[in-house]
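Q: The sequence isn't on hand, but the structure is:
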């Protein structure tokens, strides 16, 4: 179908749930009251690394109102991962519900359920724990050195490549076509780093568990992965999947943090123990210290370049700090290469050396960008360094080296997510248009000319970068949707796909409405409930529009065919002469019948049946969205303060199913990336205690911090995507670090290699350059 | 505006009964001495006011308190005795939304929606006092309401749309 034909898709329709949310409807996990509900609280480790020698809960159990206290002695010891991935997970099995060893400040020690929050809190204070404090490891670069404390010495952990050296994951890959750096005129080897960063969804992790009339466990939870929650809770507590129902209500943001199966196991254990509904809601401080973070990274990138602008060799060596447990340790590390290196044409040799190491710090996990954020900071900084060295225009150098339509990369096949990837070529790209439009919007040429000769302490500069991501995990991710027709010609759209605030219920409804020839308001979307909706891997890896959208389109096409079958009978026409349009079955000669008539006929009058269909979609490729980001900054060379004067991000997400929502995804991702760039960083004491576990001390951008910022959508048509769509949710977060680093270097000549670019670091870089 | 009468409250079984005007109607809450208004509202079924931090930093719990936007997580519930409180439920409903709520939908300012009730409260107070605000004034008014989804771009746009809607409505009256 050509773009011009779209009636519902590619339109700025209102987000279905927006008005209810704006009116404060009680739709989030914690907005429901349960009779007899207990308050669950967790006891956190005060030590970074310790063994529990003795734990005594007698006094805690005596607190009036306390109904259960659980320690490692009371729950099944099942080593697994909290990563919330498809089965079998590529993350190490190194975590259990409660353990006799703690591995970071904020690790779980015990759980309490009580009639009141006060009683639960009092009980926590009365649990007597005798710790044997162990030496702790905080520096990821020392993790595999002799003498480092071994964090996972438990004999029953599985799938850890080298536990004695604290290596949670490793992967190497090489393409060799000649002598390393033999053809290069210049070779650069630089090291880039990023610290611990938090997702900061405004809704904290919340779960309420209860038992239904069949004694089945009902888990109402703020999750991105309802079906993985069901499977992993079954595994953790050793109960059958059929005894569990997971309900995903509206979710208050996730950004990867709610892909973790974090609280559902322990809350369920408290409900099974007491028979009562139990709620656990993290406080903001608990979310900071004991949910998940972005993997801090050290990236060493060595590249060779010829004077004519060809990149000859690339060696990318990344060490990720996975913290105390290896959630997403392998896959984020692999994506740091697989989502970045294919963007560049490397003529001769490519090498990727990756490892994720354990430390006694908070657990890293999935976070929007998923490795590409770490990788592109290095790559796109180095692109400017190389262009400047050979005297080529920074934009022209990129255009010469970026992947083009019809081209592939050996990396696509060699590196997937936790396993071999899938061979693919680029089937749609708007990257060059992104660059052109971005240059125009920010007035690249005029301003670069204007800023050539600057004097005084305030210096302005421009920087840009190109980016790609994926659309789902090929040959891994599957989504399914069910559509059923109602008497009035409306349709229920039941999906496992988890709308976590992204608007996926709306855009998936638009896809269904487009196929069925109805208004988007005739589609009633429901996501997700493991008892009611079909399977979907969930909302991660930029997969929902592409994978779940593919499923919805197929299901709608099957329903369309069923409607036409009935319509043909009613209108006494041939099926091939009928189409769906404007809520009707319309024949070539103009005869028509309403969908309501079709539904009533099928339900009550003739050959009675429910018009309904399910369809699954499985991605064989992962077409990358592309983007180009442009930043204009002003650097105060006396204070080191960086001010963003303008920020443009152009993104090619194929057909934007809903341009407003696509822009919103990109705006949010970009500002999140700007936060990473200028202010965000989790800080720890020398004992591993988080020092800034609050919004007051961990600074995320507020409205007043918003610089002039614009998203420009560059339409393309991806032949493998539903109505030409690719993904859009993650890519924007990868741009600000390199674009702003490049702009600061353009303004001052000083290059920043370690995020965030706080005034002290900027000032130091300026001083180092001068000396 | 009524004066606080905390000193006259007496506890019964450890709970104080506070009387307040909530969304224009009289209400009575039984509250613990250590309870804050946010928890009291939510415990009495007013779930539109959200808890994002409980430390006065995120703005998700903003309510109108005696004529000004305040953070309900910072107001001891007993001090709300005799006060006039407005929550998001009092601003508008799905059947009869307030123009600001409509504008947030139209502009695409709602993603996960968790911060929106607080943001609508802030925006409403702004537009009641500054009918035609500049972008800088809008940013300042929304500065206490953290959002991680939208990048604020479409929320600022929403307040501009709402400002126009309200001025048009006033002019036609």
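A: Thanks, I have the structure now. If you're wondering where the values come from, they're calculated on a predicted model, not measured in any experiment. Numbers count the residues shown, from 1 in each chain, chains lettered A, B, ... in the order given.

Q: wait, what's in contact with the residue most central in space within chain B?
A: Central residue of chain B (CA atoms, centre = their mean): residue B:63, 2.7 Å from the mean position. Residues in contact with residue B:63 (CB atoms under 8 Å, 6 or more residues apart in numbering or on different chains) are B:37, B:41, B:49, B:69-70, B:72, B:85-87, B:121. For every residue, glycine as well, the C-beta is placed using N, CA and C.

Q: Quick check: helices, which of those residues are part of them?
A: If you go by DSSP state H, the contacts of residue B:63 have B:37, B:41, B:121 in helices.

Q: Of those residues, which is the nearest to chain A?
A: Proximity of the ones in helices among the contacts of residue B:63 to chain A (CB to the nearest CB) peaks at residue B:121, which lies at 9.8 Å.

Q: Now do the contacts for the closest one.
A: Going by CB under 8 Å, 6+ apart, the list of residues near residue B:121 reads B:62-64, B:69, B:86-88, B:91.

Q: 6 Å instead?
A: Residues near residue B:121 by CB atoms under 6 Å, 6 or more residues apart in numbering or on different chains: B:62, B:69.

Q: Indicate whether stretch A:243-261 makes contact with chain B.
A: Yes - using CB under 6 Å from any CB of the partner chain, stretch A:243-261 reaches chain B at A:252-253.

Q: Enumerate the residues of chain B near chain A.
A: B:47-48, B:52-53, B:55, B:57-58, B:60, B:88-89, B:92-94, B:101, B:104-105, B:108, B:110-117, B:139, B:142-143, B:146, B:148-154.

Q: Separate out the buried members of the residues you listed.
A: The neighbour count (16 or more other CB atoms under 10 Å in any protein chain shown) marks B:47-48, B:52-53, B:57-58, B:60, B:88-89, B:92, B:101, B:104-105, B:108, B:110-117, B:139, B:142-143, B:146, B:148-154 as buried among the residues of chain B next to chain A.

Q: So which of those are in helices?
A: Those of those lying in helices (DSSP H): B:101, B:104-105, B:116-117, B:139, B:142, B:153-154.

Q: want to try TSV for those, with pLDDT as columns?
A: Shown next, in TSV, are these (pLDDT from 0 to 100):
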residue	pLDDT
B:101	98
B:104	98
B:105	98
B:116	98
B:117	98
B:139	98
B:142	98
B:153	98
B:154	98
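
Q: Need the contact partners of stretch A:390-402.
A: Here stretch A:390-402 makes contact (CB under 6 Å, 6+ apart) with A:307, A:309, A:311, A:343-345, A:383-384, A:387, A:431, A:466.

Q: Please list only the buried members of these.
A: A:309, A:311, A:343-344, A:383-384, A:387, A:431, A:466.

Q: now, the most widely separated pair of the contacts of stretch A:390-402?
A: Of all pairs drawn from the contacts of stretch A:390-402, the greatest distance, 24.5 Å, lies between A:307 and A:431 (CB to CB).

Q: For residue A:270, give me its contacts.
A: A:40, A:68, A:113, A:278.

Q: can you count the residues close to the third one?
A: In terms of burial, residue A:113 registers 30 neighbours under the definition other CB atoms under 10 Å in any protein chain shown.

Q: Now do the SS call for residue A:418.
A: Three-state assignment for residue A:418 (DSSP: H, G, I helix; E, B strand; the rest coil): coil.

Q: again with the one 5 residues further on
A: Put simply, residue A:423 is coil when judged by three-state DSSP.

Q: Quick check: closest non-adjacent residue to it.
A: Nearest residue to residue A:423, sequence neighbours excluded (CB to CB, 6 or more residues apart in numbering or on different chains): residue A:413, at 4.3 Å.

Q: Can you tell me the element the one you found falls in?
A: helix A:410-414 (DSSP states H and E).

Q: same check, this time on residue A:223
A: Going by DSSP H and E, residue A:223 is not in any helix or strand.

Q: hmm, back to that, can I get the contacts of residue A:270 in TSV including pLDDT?
A: Shown next, in TSV, are the contacts of residue A:270 (pLDDT from 0 to 100):
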residue	pLDDT
A:40	98
A:68	98
A:113	98
A:278	98
